[in-house]
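In: Below is the structure, and that's it, no one-letter string:
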């Protein structure tokens, strides 16, 4: 009897719809960041309370993607401070790794317009944050 190949039915990925979806994305993403050999040490030095940080970052992305107005903070200031703490050693390679992990995590978990927006916004944010950090170095 010939061998037949069977394929399991896969559930199609859905789009980000609410805060819970964003929190799942952020939590999964930062678990990867914490383990990554280049980013992990930086984030693990910088973040004292991961539960609080994950809620804060969920607020950021919920505000950015779902227009919730839940985020209170200034990412530029936070990243400038981090760059000082890291002796100005953060470079575009760090942001590239960050973007690649973000893209990988989104693609594993979600598909749709909001997921695409999350990737575009992250790319723009990475560019702006790096430029602002670099500008602050020359002052």
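Out: Thanks, I have it. Source: prediction; values computed, not measured.
In: just for the protein, where's the confidence low?
Out: 1-11, 139 (pLDDT under 70).
In: Helices of that one, residue ranges please.
Out: 19-35, 39-46, 50-66, 75-85, 92-109, 113-137 (DSSP state H).
In: Would you reformat those helices as a markdown table and include mean neighbour count and distance to residue 12?
Out: In this view, the C-beta of every residue, glycine as well, is placed from N, C-alpha and C. A markdown table is the format used below for these (neighbours: other CB atoms under 10 Å; distance: least, CB to CB, whole Å):
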| stretch | mean neighbour count | distance to residue 12 |
| --- | --- | --- |
| helix 19-35 | 17 | 15 |
| helix 39-46 | 15 | 30 |
| helix 50-66 | 17 | 20 |
| helix 75-85 | 16 | 33 |
| helix 92-109 | 16 | 12 |
| helix 113-137 | 15 | 12 |
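In: Among those helices, which comes closest to residue 13?
Out: Closest to residue 13 of these is helix 92-109 (CB to CB; 6.7 Å).
In: what sits against residue 27?
Out: Residue 27 makes contacts with residue 54, as judged by CB atoms under 8 Å, 6 or more residues apart in numbering.
In: Kindly report the same for the one 3 residues further on.
Out: Taking CB under 8 Å, 6+ apart as the criterion, residue 30 is in contact with 43, 50, 53, 54, 57.
In: Can you tell me which of these is nearest residue 137?
Out: Nearest to residue 137 out of these is residue 43 (CB to CB; 20.4 Å).
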